[in-house]
Every structure is written in structure tokens, then in C-alpha cells.
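Participant: When you get a sec, could you give me coordinates for this:
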Amino acid sequence: MEKRNRRRKPKQGTVAGLVARLKSSPIAYHAVLIVLTVVAILVASSILMNVVTRHGTHRTVPDFTGILIADAERMADRERLEIIINDSLFVPAYEGGMVLDQLPKGGVEVKAGRKIYVTINSVRQKMVQVPYVAGRSLRQAKNMLEVAGLGIERLEYVEDIATNYVLSQMVDGRELTADMKVEIEMGSGVVLKVGADPEKNTVIVPKAIGQGLEAAKSRLWEQGLNVGKINMDEGINLMNQKDARVYRQSLAHNSGAHLGDKVDLWLTLDEKKVDSSSAESDKRAQELEEERLEAEAALRDSLEQAETAGRAGGLLRSLFGASEQTEEVTQTDEDEFF
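Facilitator: Predicted structure coming up:
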């Protein structure tokens, strides 16, 4: 009976045996308890954090395009999202206040409270005052117009020694003076009459390929060139036009042109087409540069040869003249002798 009542010792290697060993060492036992408690707290905190931060906070962004901004804001409130108007366009075909574009796009998963930036259609185009740019360089005038939200409708060059300086400006066929306050629709163009010395009226065509429409226009204007016909690939509209890039230009990059010449542009949304055209343009531009350098070198050689020939001719004429003068003096002496 004594043997039966005697407690059995836990076997080595079992959980009970491990616990018994830990209890025999109070310090180790309490250290393990502390570690296990900390681990349990961390696990519980992680689970609770995931529940708190994820539960009910993710939203699918609605597609706001094509609806009025007031309706879009009500939809956003229901989804716990915030509408921010960050831009506006004027598209006559659409109703004023209609959402034209948004970021993030509809269908994207976001957290509650996320800001959704939208572009809306203006009720009417914004009116801006035309800056007076006469007397400025073409570059200064272009920059002042662009800052005001305007562009250049046309560059008209007239013979004048003040090359690429604005002589006058026209709006709706009327010449503006410094004291006139005239407002026109944002995005409109101003006609600039610019001086051009007939002996200094050639320019190198800049590269427009790879640029957006507005950037391409700005490059051409800065070089004294006019923007010709704008050709859009199928699928480009007022909504996505800002994403389109130039993939072709009528006057090649690095070719020569006269001030006021027109450059037609072709735009696409196809990035591969843009990259391919850009590489071809760079290659052709390099060839044109080499041809120009060869032509300049040939011209210098020709001028040097002409100068050398001129010097030689002058020397011969000088020697021939001295010889004739000597003969005349000798003849005169002989006549006097006889």
C-alpha cells in the first residue's frame, strides 16, 4: 500500500517533468513565466491592432467621373472619403460642375478618410488679364504670357535690327498699348510682332518629340517658330490630352529653319511609339549635326583658300606694278638722254 500511495515522479522529457524541474529552481521558473506573459501580451496586442485598424476602414473608391461635384461629395461622405477639387477645365460639351477626372481612380481600395482629388468642368472659362510684353525679348514675353495662363497665337516677324524682340502685340485684331487693361479667356493666344534682322533670321529646330503639347509649344515659341497643325491619335480627348506626347514633328530636330516657320506636331498616348520616334529623332539629329560641322569646315577652308589666293594675287599685282614702274622710269631716263 505504501508503494501504491507513493507519488510517481514525472518522467524526464515530459512537460510535467520540465515544469517540475523549473519549480525546483524558483528563479528560472519565474523568469519563464515572465517571458511567456510578455509573449502573450504581444500576440494579443497584434491581433487587437489588426482588428482595430482594418475592421471597416478599407473602402472601394467610387467612380465619380461624369457626375456633378455636389453628388460626388455626398457619395464620398457615405464612404467616409474626402473630395478635394485640385483643378478645373472648361469643356463646353459637358455640364458645369461635372467631375472630369479623379485620383485615385474608381475601384481602388483605400483607407477611410482618404482624400480623392478631382478635376471638374468650369461653368465658364476663367478670364485673365493680358500682360503688356512689347519691348521685351521673345523669351521674356513668352514666359510672362505662360505665367498668366496664356499662349502665343502667332509670331509675325518684320524686318528690324532688334531680332527676337517684341515690337507690338495684338488681341482680337487690336493692338494693345501699355495703359490698356484687356481680359481674355485663359488658354487663349496673343499675336506677337517680332523683329528679325534679314541676315540673322535662321534658327535650329528644337526637339519636340517626347514632350507634352504645352511643353512642345513653349520650346518652339522660344526658338522663334510657330506651332502649325496639331494632329491627335485616335483615343485622345480633352480628358487625357495632358498625358499625350509628341511622337512626330514636321521639321526635324537639329535641322535649319527661318524665324516664323511653322512646325506641325503629332501626339499619341502610346509610350512605345514615343520612345521609338525619340530614338530615331536623336539619331537623325546627330547626323544633321555632323553634316553641319562638315559644311562649316568646308566653308572655312574655302574662305581660307580664297583669302590665300587674294593675298597671292595682291602680291603679284604689287610685283607687276613695281616692274612696270621700273620700266617707265628707265624709258624716261633713256628719252632724256637722247
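Participant: Show me what counts as buried in the helix or strand encompassing Gln169.
Facilitator: Using DSSP states H and E, Gln169 sits within strand 166-171. For strand 166-171, a neighbour-count test (16 or more other C-beta atoms under 10 Å) marks 166, 168-169, 171 as buried. Where you see a C-beta, it was placed from the backbone N, CA and C, and this is true even at glycine.
Participant: How about stretch 114-129?
Facilitator: Buried-residue list, stretch 114-129, by 16+ other C-beta under 10 Å: 114, 116, 118-122, 125, 128.
Participant: pLDDT check: weakest of these?
Facilitator: Within the buried residues of stretch 114-129, pLDDT reaches its minimum at Gln125, with 82.
Participant: Over to that residue. Which of the three states is it?
Facilitator: For Gln125, the assignment made with DSSP: H, G, I helix; E, B strand; the rest coil gives coil.
Participant: Kindly provide the distance from it to Val191.
Facilitator: Distance, Gln125 to Val191, by C-beta to C-beta, to the nearest Å: 19 Å.
Participant: just to revisit the earlier point, save the buried residues of strand 166-171 as TSV, and put in pLDDT too.
Facilitator: Shown next, in TSV, are these (pLDDT from 0 to 100):
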residue	pLDDT
Val166	97
Ser168	97
Gln169	97
Val171	95
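Participant: tell me which of the residues you listed is nearest to Thr202?
Facilitator: Closest to Thr202 out of the buried residues of strand 166-171 is Val166 (19.6 Å), distances taken as C-beta to C-beta.
Participant: my guess is that closest one meets Ala134, correct?
Facilitator: Yes. Taking contacts as C-beta atoms under 8 Å, Val166 lies within contact range of Ala134: 5.3 Å.
Participant: Just give the strands next to the host helix or strand of Val246 in its sheet, each with its orientation.
Facilitator: Taking DSSP H and E as the definition, Val246 sits inside strand 245-249. The sheet places strand 245-249 alongside strand 262-268 (antiparallel), with pairing taken from DSSP bridges.
Participant: what's the partner strand in contact with?
Facilitator: For strand 262-268, the external contacting residues (C-beta atoms under 8 Å, 6 or more residues apart in numbering) are 205, 208, 213, 216, 220, 225-233, 236, 241, 244-251, 257, 274.
Participant: Okay, and which of these map to helices?
Facilitator: Cross-referencing these against helices under DSSP state H gives 213, 216, 220, 274.
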